[in-house]
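Student: Next one to model:
(2 chains)
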Amino acid sequence: KQEVTQIPAALSVPEGENLVLNCSFTDSAIYNLQWFRQDPGKGLTSLLLIQSSQREQTSGRLNASLDKSSGRSTLYIAASQPGDSATYLCAVRPINTDKLIFGTGTRLQVFP
Amino acid sequence: KAGVTQTPRYLIKTRGQQVTLSCSPISGHRSVSWYQQTPGQGLQFLFEYFSETQRNKGNFPGRFSGRQFSNSRSEMNVSTLELGDSALYLCASSLRFGASYEQYFGPGTRLTVT
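Tutor: Numbers count the residues shown, from 1 in each chain, chains lettered A, B, ... in the order given. Have a look, this model is predicted:
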């Protein structure tokens, strides 16, 4: 059974810091991995989608990497800003099913 | 292009009642998935519909059901509500059924059961 874990559960950093969020999954048979952002009480905003054949994806200050063999992904946020404060969720799409399996999330707070 | 819309956004129900939530996918999208988000269990998959047929189902009791209409709009129904059903219910749409199609999420319906 696929399990997705995110570390740390919460993170508080000063503005301007570069930071790394971690996601690990137990079964490497995945079709893709996706990082989402969720603001309090809101839906999910897709940040980056990495196909299983890819090693990384970049969008602006965000860079996500995928190491399928070790079951790990990292989301790198450069020069963090208070507007980055949110919960970040990673989700994998297993090959044998079409549903997304979500991690428990990392709650990020960036203070001025 | 309008995103995924969900109605209502907020709902308060009493234990034992039933509730129906609605989801309108992005125009042209034919697959709709439903997820439940709670503080204790996180985000969990409920079911997925494509071409008015349920294609995939999560581990939820039979009180949770859904359907999809010919215009791809979807509804989910929860009967005999329990306190533990209080959650944010998220709907996601994709072009087609299958892992290669990215899911786009709506804002969710916040259900509170008292």
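
Student: Could you say which helix or strand holds residue 90?
Tutor: With no chain named, the answer covers chain A. strand A:86-94 (DSSP states H and E).

Student: oops, chain B please
Tutor: According to DSSP H and E, B:Leu90 maps onto strand B:87-94.

Student: Run the chain-centre distance for the helix or strand following that strand.
Tutor: As assigned by DSSP H and E, the chain's next helix or strand after strand B:87-94 is strand B:104-105. Distance of strand B:104-105 from its chain centroid, counting by Cα atoms, centre = their mean, to the nearest Å, is 11 Å.

Student: just checking, what packs against strand B:104-105?
Tutor: Contacts defined by 3 or more Cβ pairs under 8 Å, 6 or more residues apart in numbering or on different chains; DSSP states H and E place strand B:104-105 against strand A:44-51, strand B:87-94. Quick note: C-beta positions are derived from backbone N, CA and C, even for glycine.

Student: Pick the most buried one from those.
Tutor: Mean neighbours per residue, mean count of other Cβ atoms under 10 Å in any protein chain shown, is largest over the helices and strands packed on strand B:104-105 for strand B:87-94, with a mean of 24.

Student: That one versus strand A:44-51: what angle between them?
Tutor: 50 degrees (axes from the mean of the first three to the mean of the last three Cα atoms, to 10 degrees).

Student: what's next to strand B:87-94, contact-wise?
Tutor: A:41, A:43-44, B:4, B:6, B:21, B:23, B:25-26, B:29, B:31-38, B:43, B:46, B:72, B:74, B:76, B:101-106, B:108-111 (Cβ atoms under 8 Å, 6 or more residues apart in numbering or on different chains).

Student: what's the first-to-last distance across stretch A:11-25?
Tutor: One end of stretch A:11-25 sits 20 Å from the other (Cα to Cα, to the nearest Å).

Student: Leaving aside the residues adjacent along the chain, what's closest to B:Ser86?
Tutor: Distances taken as Cβ to Cβ, 6 or more residues apart in numbering or on different chains put B:Val113 closest to B:Ser86, at 4.7 Å, once the chain neighbours are dropped.
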